[in-house]
Structures are given as C-alpha cells and as structure tokens.
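Engineer: sequence below, structure please.
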Amino acid sequence: MKIEKASPKIGAIVTGLDLTRISDPDWRVLYQAWLDHLVLVVRDQEFTVPQFLAVAERFGRLTPHRVLRTRDPEYPALTRMGTGTKKPDGKVDKAVFARGQGWHTDGPWEVRGVSKATQLYGLELPSVGGDTWFANMYASLDALPDALRQRLEGVTAEYVYGGRDGLGVDLLDPSDRDAPPVAWPVLRTHSETGRRSLYFNPYHFLRFVGMDEAEGNALFDELRGRMIQEDAEYHHQWRRHDYVIWDNRCSNHAAAGGYPIEERRIHWRATILE
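Structural biologist: Numbering: from 1, shown residues only. Purely as a prediction, here's the structure:
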C-alpha cells in the first residue's frame with residue numbers, strides 16, 4: 001500500500017491496495033490517513049455491491065439515502081447515481097443534472113444521526129468533465145479574520161434538505177419533505193480528531209438560530225464568500241474504478257459538471273453515519 005498526498009492541504013491517493021482483502025493493520029493505517037487528509041482516493045478497485053457496502057460499514061453506520069428513487073431495489077443502502085437523469089420522454093432532466101454543483105457538505109439536514117462520510121465508486125465516466133472538487137474546512141476556519149471568528153463563537157445554523165429555496169425537495173418521498181431542521185454550530189469540533197473547522201453549507205442552509213433576517217443574510221453572504229480557500233482544494237479527475245471517500249464533518253465538495261449531459265456518468269454511492 002502506498003499513500004501520497006493529492007494536494008498540499010487535502011486529499012490522498014492510495015495505490016497497491018485491494019479494499020476487499022485489506023488486513024486489520026493496513027486498515028488502521030488507511031483510516032488514520034483518511035482522518036488526516038479528509039479525502040481518500042483508492043485506485044483500481046473491483047467491487048460487487050455487497051463488497052462496496054461492506055467497506056462503507058467499516059467506516060461507520062450505513063444508511064439508505066433519503067431520495068428513494070435513487071436507491072437500488074435489492075440493496076437500499078446503495079444509491080445508483082446518474083441512472084435517473086432522464087424523463088419518461090427520454091429528455092435529460094436538467095433539474096437532476098444540476099443538483100450538487102454548489103459547494104456543500106452531505107447530510108447537515110440528517111435527522112437519523114451525524115453524517116460522517118460519503119463514498120463513491122466510479123463505473124462509467126463521460127468523455128470530458130465530471131470532476132469532483134473538495135475543500136478543507138479546517139483551513140477555511142484558520143483563514144477567517146480574527147474578528148469574524150470571534151463573532152461566530154456560539155453561532156448555530158439550521159439546515160433542511162431543500163435549503164431556503166426548497167431545491168430538490170420534489171425528489172423526496174412526500175413523507176420525508178417535512179423533516180425538522182437540524183442545527184449545527186458554525187465552528188464545529190470534529191468528534192474524532194478534536195480539531196475545529198468551519199461548518200457551513202449554503203446549499204442546504206435555512207437560517208442562523210436567533211438572528212434576525214437582515215443580519216443573517218449579511219453573515220450568510222460573508223461566509224459564502226470566505227468558505228473556500230483555493231490553496232486548500234483538491235480537484236479530483238475521476239478514473240474508472242476509483243473509490244473515493246470523504247469526511248463530511250470537516251470538508252465541503254462540489255460537482256464540477258462540464259460534461260455533455262447526454263453522456264453517462266454512473267457511480268455507486270453509500271452514506272455513512274457515526
């Protein structure tokens with residue numbers, strides 16, 4: 001097993017490893033590398049669906065994604081990304097295609113537990129584009145001006161699946177659309193590393209608790225402008241059979257798009273809770 005940095009401040013590339021046969025000592029090294037680098041890319045993996053889900057369960061509690069239509073009928077904990085992008089008339093559903101392209105972290109709205117990690121496995125890739133970008137939110141906190149950092153002490157934000165604009169709520173089953181908001185401190189302490197990061201997701205954001213609308217809007221705009229540090233990003237260019245897992249507690253990510261919408265981009269996905 002070889003672990004190399006993908007960029008100076010976030011991400012690591014792992015080669016020479018078969019995740020379906022990993023030993024316990026190698027697993028401990030790999031897990032620590034994940035905590036240290038926030039994003040792991042393990043090249044050249046071959047999975048069956050049960051094997052893919054078994055890897056997820058070693059990281060934490062496996063749970064089905066909230067969007068029912070993307071779940072595999074035989075394995076509900078498996079999300080098949082990219083398979084529901086067309087309407088019954090055969091045209092591309094641009095609303096589905098556009099989702100996830102803003103900077104966000106997965107599951108701040110999750111009422112079933114702490115959203116720990118997301119893992120993806122690349123099966124079919126477009127001829128161009130389709131990258132995934134990642135950002136280190138420890139570095140985002142470090143870069144905040146002292147006055148803003150002090151102001152954020154004790155500030156809590158609420159999140160719901162559709163955010164303030166209700167984006168994507170129509171993808172949910174009607175019974176899931178009225179889930180209550182989930183609150184998180186904007187300066188969040190990681191449960192395993194003990195490090196603090198900026199925890200802010202404009203995509204699913206609802207409001208700052210106890211803050212009037214004008215003040216909240218101004219703070220939202222300021223944080224959105226400061227949340228990503230260019231020197232703390234990793235832009236992942238997918239290869240077929242890449243396995244990628246990221247820590248939702250201290251990183252943000254975005255789908256870069258930039259590929260022909262008529263081409264297939266198929267990934268398996270699993271959602272992991274603490």
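
Engineer: now L219. Nearest residue, chain neighbours left out?
Structural biologist: In this structure, L219 finds its nearest non-sequential neighbour in F208, 6.3 Å apart by Cβ to Cβ, 6 or more residues apart in numbering. Any C-beta I mention is one placed from the backbone N, CA and C, and that applies to glycine too.

Engineer: what bits of the stretch 1-150 of the chain have low per-residue confidence?
Structural biologist: 84-101 (pLDDT under 70).

Engineer: what ranges do the strands span in it?
Structural biologist: 2-5, 12-15, 39-42, 61-63, 79-81, 115-124, 131-136 (DSSP state E, counting those that start in this stretch).

Engineer: neighbours around E158, how many?
Structural biologist: Per other Cβ atoms under 10 Å, the neighbour tally for E158 reads 17.

Engineer: my guess is it contacts H204. True?
Structural biologist: No: here E158 does not reach H204: they are 9.6 Å apart, not a contact under Cβ atoms under 8 Å.

Engineer: coming back round to it: which of the strands of the stretch 1-150 of the chain sits most buried?
Structural biologist: strand 39-42 (a mean of 24; mean count of other Cβ atoms under 10 Å).

Engineer: how about the helices in the stretch 51-200 of the chain?
Structural biologist: 94-98, 137-142, 146-152 (DSSP state H, counting those that start in this stretch).

Engineer: so of these, which one's packed in deepest?
Structural biologist: helix 137-142 (a mean of 22).

Engineer: you'd agree L30 is up against G16?
Structural biologist: No: checked against Cβ under 8 Å, the pair L30 and G16 is beyond contact range at 11.6 Å.

Engineer: list residues touching both of these two?
Structural biologist: The contact sets of L30 and G16 overlap at M1 (Cβ atoms under 8 Å, 6 or more residues apart in numbering).

Engineer: more neighbours, these two?
Structural biologist: The residue with more neighbours, out of L30 and G16, is L30; 21 against 10, by other Cβ under 10 Å.

Engineer: how about that one, what does it touch?
Structural biologist: With contact set as Cβ under 8 Å, 6+ apart, L30 has these partners: M1, I3, V14, L17, I22, L40.

Engineer: same list, these, but as JSON lines with distance to Q237 please.
Structural biologist: Formatted as JSON lines, the contacts of L30 follow (distance: Cβ to Cβ, whole Å):
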{"residue": "M1", "distance to Q237": "22"}
{"residue": "I3", "distance to Q237": "19"}
{"residue": "V14", "distance to Q237": "16"}
{"residue": "L17", "distance to Q237": "20"}
{"residue": "I22", "distance to Q237": "25"}
{"residue": "L40", "distance to Q237": "16"}
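
Engineer: what's the closest of these to V244?
Structural biologist: Distance to V244, by Cβ to Cβ, is smallest for L40 among those, at 7.0 Å.

Engineer: quick check: that closest one touching W34?
Structural biologist: Yes: contact criterion Cβ under 8 Å: L40 and W34 qualify, at 4.9 Å.

Engineer: now list whatever residues contact both of these two.
Structural biologist: Both L40 and W34 are contacted by A12, I245, under the criterion Cβ under 8 Å, 6+ apart.

Engineer: rewinding a little: of the helices of the stretch 51-200 of the chain, which is nearest A256?
Structural biologist: The closest approach between A256 and any of these, judged by Cβ to Cβ, belongs to helix 94-98 at 12.4 Å.
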